[in-house]
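# I'll drop the sequence and a predicted model, then ask my questions.
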Amino acid sequence: MKEYQIQIKETLVKTVTVEAENAAQAKEIVERQWKNDNLEAFFNSISSCADNAERNSLYKTIIESITWLREGDNIEMKIHFLQKAR
């Protein structure tokens, strides 16, 4: 019998407590910290990636959205990456 490595994808749901003036501000604070944490993890890991598949998986963690517009034979793509929040 052979051994295989299988990747399991999990979704984390977590409740955190944050001090803020209102619920909207609290959500903004948490989202900003989440983005900053993802970017930091990305930059700490990207240089040690051994192969393209691993590197692509890391890039997926910092892409906020991808949009494209097709007009005839022309396709315009825009990739929006997370930006470090202040």
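Everything's here; your move.
# How about the residue positioned nearest the centre of the chain, nearest residue that isn't a chain neighbour?
Central residue of the chain (CA atoms, centre = their mean): T61, 2.6 Å from the mean position. The shortest distance from T61 to any non-neighbouring residue, by CB to CB, 6 or more residues apart in numbering, is to N38 (5.5 Å). In this view, the C-beta of every residue, glycine as well, is placed from N, C-alpha and C.
# Do I have it right that that neighbour meets I63?
No. Using CB atoms under 8 Å as the test, N38 is too far from I63 to be in contact (10.2 Å).
# Mutual contacts of those two, please.
Common contacts of N38 and I63, defined by CB atoms under 8 Å, 6 or more residues apart in numbering, comprise L82.
# on that earlier part again, so for the helix or strand hosting the residue nearest to T61, what gets flagged as buried?
Secondary structure assigned from DSSP states H and E places N38 in helix 23-45. Neighbour counts over helix 23-45 (16 or more other CB atoms under 10 Å) mark V30, K35, L39, F42 as buried.
# Save these as TSV, and put in pLDDT too.
Below are the buried residues of helix 23-45 laid out as TSV (pLDDT from 0 to 100):
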residue	pLDDT
V30	87
K35	83
L39	80
F42	79
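# what about the chain, any weak spots by pLDDT?
For the chain, the stretches with pLDDT under 70 are 85-86.
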